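In: Below are the sequence and a predicted model for it; my questions follow.
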Amino acid sequence: MTELAMRYARNSAGHEIRLDVPRGAATRVHLPDHDAKAHLVTAVLKARGEADEELELFGEPTSALRARKREQLRARVGALSPVVGLIGNLNAWENISLPAAYHGSPPLPEVARLAHEVLEGFGLAPRAFFAKLPDQLGPLERKVTALARLLVAPPELAVMDALEEGLTHAECACVGRFEAEYRARRPDGTLLYVDTLEDA
């Protein structure tokens, strides 16, 4: 039997959503609308579903978890999503390094090395890029910044929310690079790509 990284179900607004995400795989789903997508991403990041949702993470039902166990599960998941957008008054470097600065690890030189690798993989010049505020970045650059921040502590389960949204046709050709960067740092990790039927 295939081990699951996540099992999710929701019945709401005439939609029934049931989703099994195998560990180590890359799974793509089209959800009915943006509300359904936001509910899913939020539930995963909180390791807690609403009353109309059922959520299991790594085999653990999340409905009645103790606080410590919930925090342990939350540390194993992450998302590249507007739900966890960039902070507007921090530059790109500050946004990328914020989790490490808050938690005290990994060391900032290690974060800088990782960020340089990610940016250069997308053909971006780190020194000029780091000083820019989110409003000075294009849609792809904002997503790359969020990716670098996510990879500071690469999660076991990474939700990629509508990666192609807002990108030009040429920029969409870079989307495969997001998975490559994640896999380089978490080969055994699980990827869940979510968008809506409208986006698809």
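Out: Nice, I can see it.

In: Now do the contacts for the residue nearest the centre of the chain.
Out: In the chain, the centroid-proximal residue (C-alpha atoms, centre = their mean) is Ala79; its distance is 1.7 Å. Contact criterion C-beta atoms under 8 Å, 6 or more residues apart in numbering gives 41, 44-45, 150, 158-161 as the residues in contact with Ala79. (Glycine included, C-beta is placed from N, CA and C.)

In: three-state assignment of Leu40?
Out: Reducing the assignment at Leu40 to three states with DSSP: H, G, I helix; E, B strand; the rest coil gives helix.

In: and it, how many neighbours?
Out: Around Leu40 sit 27 other residues, with neighbours defined as other C-beta atoms under 10 Å.

In: Hmm, it is touching Tyr8, no?
Out: Yes. Shown here, Leu40 and Tyr8 form a contact pair, counting by C-beta atoms under 8 Å, at 6.3 Å.

In: what is in contact with those two at once?
Out: By C-beta under 8 Å, 6+ apart, Leu40 and Tyr8 have these common neighbours: 17, 19.

In: Below-threshold pLDDT in this protein: ranges please.
Out: Under the criterion pLDDT under 70, the flagged ranges of the chain are 1, 198-200.

In: same thing but 90
Out: For the chain, applying pLDDT under 90 flags the ranges 1-2, 11-15, 64, 82-84, 99, 101-105, 175, 196-200.

In: Got the phi and psi for Arg23?
Out: Geometry field for Arg23 lists phi and psi as phi -60, psi 140, criterion degrees, to the nearest 10.

In: swap that for Ala125, sorry
Out: Geometry field for Ala125 lists phi and psi as phi -90, psi 110, criterion degrees, to the nearest 10.

In: Give me the neighbour count for Phe130.
Out: A count of neighbours around Phe130, defined by other C-beta under 10 Å, yields 20.
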